[in-house]
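Participant: Just a sequence and a predicted model for now, questions to come.
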Amino acid sequence: MNYQNLVAELSIVAREAGAKIMEVYAKDPEAEFKGDGSPVTEADQAAEAIILPALAKLAPEITVISEENAASHSLAAPERFFLVDPLDGTKEFLKRDGKGSFTVNIALIEDGAPTMGVVYAPALDRLFTGIVGEGSKESTSTIQCRTVPSSGPVAVASASHRDEATNNWLSEHGISDTVSIGSSLKFCLVACGEADVYPRFGPTMEWDTGAGDAVLRAAGGKLTNPDGTPFVYGKADYRNGAFIAWGGFKG
């Protein structure tokens, strides 16, 4: 598989999906709610309607697990599969707070680990891509995790899901400087050196993390369980436990 060509093609697809999301955003959309209580909008569905046919054309042999395709959630994870979140950060999308922290996520998972990821934040026009072993980029510029500055580490935390466990972890590690943002942009801020670590103890699904994780790993970072063991994909129901996304901060 030519990862460079795949990233180039999927970057175009992500931008197309992002443009459709912004069309809906301009209409001040309302949300419906799924069985698990999470919101879904016209934008989620419109973006998925662009991404899934594109993947079927580009790589018809690869299974796709997508947030809005509920039938895919019951599939056993194959050795290679795509993870898609057509609109990650739906709560931020609905807030209309001007931060633009919602993204299109497309990841390739192989043997339980992300090997390629595309994250596009359409409201900010920030495109992040990563191929593990080959590096990460924001648009055409190479990015990498930074060495923690002398002023101390910066942690990035969820805008909608900050919890006491996160606060305790930050306190235990002597981190007081935090940036709050939504969606998979949290991984990307660590990957591009705008932050140093991202602890997460609240619930997430694999399609929330796969693309950003790929960008982070390709930029020199890593994702682990809180006990330091490797974070793997293809879990039951594609449901994540707690994790730490590490950049230059080593704990």
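Facilitator: Received, thanks. Residues are numbered from 1 along each chain as shown.
Participant: just the helices in this structure please.
Facilitator: Along the chain, counting by DSSP state H, helices occupy 3-25, 42-58, 90-95, 164-172, 185-191, 206-218.
Participant: For this protein, name the helix or strand with the lowest mean pLDDT.
Facilitator: strand 32-33 (a mean of 68; mean pLDDT, DSSP states H and E).
Participant: re the thing from before, reformat the helices of the chain as CSV; add mean neighbour count.
Facilitator: Any C-beta I mention is one placed from the backbone N, CA and C, and that applies to glycine too. Output for the helices of the chain, formatted as CSV (neighbours: other C-beta atoms under 10 Å):
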stretch, mean neighbour count
helix 3-25, 19
helix 42-58, 18
helix 90-95, 20
helix 164-172, 14
helix 185-191, 30
helix 206-218, 29
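Participant: wait, what's in contact with the nearest residue to Phe102 once chain neighbours are set aside?
Facilitator: Nearest residue to Phe102, sequence neighbours excluded (C-beta to C-beta, 6 or more residues apart in numbering): Gly89, at 3.5 Å. The neighbours of Gly89, taking C-beta atoms under 8 Å, 6 or more residues apart in numbering as the test, are 101-103, 182-185.
Participant: List phi and psi for Gly89.
Facilitator: Gly89 adopts backbone torsions of phi 90, psi 40, taken as degrees, to the nearest 10.
Participant: distance of it from Glu79?
Facilitator: To Glu79, Gly89 is 29 Å away according to C-beta to C-beta, to the nearest Å.
Participant: mean pLDDT for the helices of the chain: which is lowest?
Facilitator: Lowest mean pLDDT within the helices of the chain: helix 90-95, a mean of 86.
Participant: name the helices or strands packed onto it?
Facilitator: Taking 3 or more C-beta pairs under 8 Å, 6 or more residues apart in numbering; DSSP states H and E as contact, the helices and strands that helix 90-95 lies on are strand 39-40.
Participant: Please give the centre-to-centre distance between the strand it packs on and its chain.
Facilitator: 17 Å (C-alpha atoms, centre = their mean, to the nearest Å).
Participant: Listing partners with orientation, what would you give for that strand?
Facilitator: strand 32-33 (antiparallel) (DSSP bridges).
Participant: ok so, going back, out of the helices of the chain, flag the one nearest Ser74.
Facilitator: Among the helices of the chain, the nearest to Ser74 by C-beta to C-beta is helix 206-218 (13.9 Å).
Participant: Tell me what angle the closest one forms with helix 3-25.
Facilitator: Here the directions of helix 206-218 and helix 3-25 differ by 130 degrees (axes from the mean of the first three to the mean of the last three C-alpha atoms, to 10 degrees).
Participant: thought Asp177 was touching Ala157?
Facilitator: No: Asp177 lies out of contact with Ala157 (C-beta atoms under 8 Å); the separation is 10.9 Å.
Participant: ok, back up a step: rebuild the helices of the chain as CSV, extending it with distance to Ile65.
Facilitator: What follows is the helices of the chain, written out as CSV (distance: least, C-beta to C-beta, whole Å):
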stretch, distance to Ile65
helix 3-25, 15
helix 42-58, 11
helix 90-95, 18
helix 164-172, 27
helix 185-191, 18
helix 206-218, 7
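Participant: Walk me through the domains of the chain.
Facilitator: As given by automatic domain parsing, the domain ranges for the chain are 3-140, 154-246.
Participant: Can I get the ones you listed in JSON lines including distance to Arg146?
Facilitator: Below are the domains of the chain laid out as JSON lines (distance: least, C-beta to C-beta, whole Å):
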{"stretch": "domain 3-140", "distance to Arg146": "13"}
{"stretch": "domain 154-246", "distance to Arg146": "3"}
